[in-house]
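> Pasting the sequence and the predicted coordinates here, then a few questions.
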Amino acid sequence: MDFGPQQIGRWLISAGVIIALLGALIMILGRVGLFKLPGDLEFGSKNWRIYFPIASCILISIILTLVLWLISYFRR
């Protein structure tokens, strides 16, 4: 397989589009309230803040597991 400038350019464009779509998805989910679930821990004071999105990570993991399981199930 020839991996020339054309292929590198296509790969970079594809990666950029995927990153932009993921960024838009995270912004939309943040507005809906995904990253403010009751199990998400937030510590800090006036000048610093530490955020542990435990419940959000669990919910995203469950959703991705179901989506990938459905894809695997229908590919058989």
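Nice, thanks for sending it over.
> which residues in the chain form helices?
For the chain, the helices defined by DSSP state H cover 5-32, 54-75.
> where in the protein is pLDDT low?
Low-confidence segments of the chain (pLDDT under 70): 1.
> if we can go back for a sec, so which of the helices of the chain comes closest to Leu41?
With Cβ to Cβ as the measure, helix 54-75 is the member of these nearest Leu41 (6.3 Å). The C-beta positions use only the backbone N, C-alpha and C, and glycine is treated the same way.
> what sits up against the closest one?
Residues outside helix 54-75 that contact it (Cβ atoms under 8 Å, 6 or more residues apart in numbering): Leu34, Phe35, Leu37, Pro38, Gly39, Asp40, Leu41.
> a markdown table please, covering these and showing neighbour count and distance to Trp11.
Compiled in a markdown table, the contacts of helix 54-75 are given as follows (neighbours: other Cβ atoms under 10 Å; distance: Cβ to Cβ, whole Å):
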| residue | neighbour count | distance to Trp11 |
| --- | --- | --- |
| Leu34 | 16 | 30 |
| Phe35 | 17 | 30 |
| Leu37 | 14 | 35 |
| Pro38 | 6 | 41 |
| Gly39 | 12 | 38 |
| Asp40 | 15 | 35 |
| Leu41 | 11 | 38 |
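> would you list those residues in JSON lines and tack on distance to Ala15?
Output for the contacts of helix 54-75, formatted as JSON lines (distance: Cβ to Cβ, whole Å):
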{"residue": "Leu34", "distance to Ala15": "24"}
{"residue": "Phe35", "distance to Ala15": "24"}
{"residue": "Leu37", "distance to Ala15": "30"}
{"residue": "Pro38", "distance to Ala15": "35"}
{"residue": "Gly39", "distance to Ala15": "32"}
{"residue": "Asp40", "distance to Ala15": "29"}
{"residue": "Leu41", "distance to Ala15": "32"}
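> among those residues, which two are most distant?
The distance between the two most remote of those (Cβ to Cβ) is 15.0 Å, for Leu34 and Leu41.
> partner residues bridging Phe52?
Leu41 (DSSP bridges).
> and it, how far is that from Gly30?
Going from Phe52 to Gly30 by Cβ to Cβ, to the nearest Å gives 16 Å.
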